[in-house]
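Q: Got a predicted structure here, sequence first:
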Amino acid sequence: MKKLLFLCSQNKLRSPTAEAVFSEYPGLEVESAGLDRTAENPVSTESITWADIIFVMEKSHKSKLSKNFQPFLKGKRVICLDIPDEYEYMELALIELLQQKVLPLLGTFS
């Protein structure tokens, strides 16, 4: 089981979409969270420790993650997907973009 954690700012649109999409794939456990204190589901040290791979949507998310959780990121693979905040929850274009960017990185699904 690969454990994937998807992060965006508020955990309202991009990361919950990623969680919903990739939860359907066998062999994957998926969670999502937000990096802002006001996020629907704020990221925790537990979720960072749990994850095998952490996906962030923007470079600024990677910086914020590093700044706030550096001790917990040792040995973690953190990947920036470069997906801007211009999509709605479960928007087809966002789903296709996520699949196009994430699946090749997982190896078994590409």
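A: Cool, the structure landed.

Q: number of nearby residues for the nearest residue to Asp82 once chain neighbours are set aside?
A: Nearest residue to Asp82, sequence neighbours excluded (C-beta to C-beta, 6 or more residues apart in numbering): Glu58, at 6.9 Å. Heads up, the C-betas are built off the backbone N, CA and C, glycines and all. Other residues lying near Glu58 total 19 when counted by other C-beta atoms under 10 Å.

Q: Would you confirm that Glu58 contacts Leu65?
A: No - the pair formed by Glu58 and Leu65 falls short of the contact definition of C-beta atoms under 8 Å, at 10.7 Å.

Q: circling back to that earlier point, contacts only, for the residue nearest to Asp82.
A: Cys8, Cys80, Asp82, Ile83, Pro84, Asp85 (C-beta atoms under 8 Å, 6 or more residues apart in numbering).

Q: Also Val43?
A: By C-beta under 8 Å, 6+ apart, the contact set of Val43 is Leu5, Leu7, Ala33, Gly34, Leu35, Leu65, Phe69.

Q: Adding pLDDT, write those residues out as CSV.
A: Shown next, in CSV, are the contacts of Val43 (pLDDT from 0 to 100):
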residue, pLDDT
Leu5, 98
Leu7, 98
Ala33, 98
Gly34, 98
Leu35, 97
Leu65, 97
Phe69, 96
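
Q: Can you lay out the residues you listed as a markdown table showing neighbour count?
A: Shown next, in a markdown table, are the contacts of Val43 (neighbours: other C-beta atoms under 10 Å):
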| residue | neighbour count |
| --- | --- |
| Leu5 | 25 |
| Leu7 | 29 |
| Ala33 | 22 |
| Gly34 | 21 |
| Leu35 | 25 |
| Leu65 | 21 |
| Phe69 | 19 |
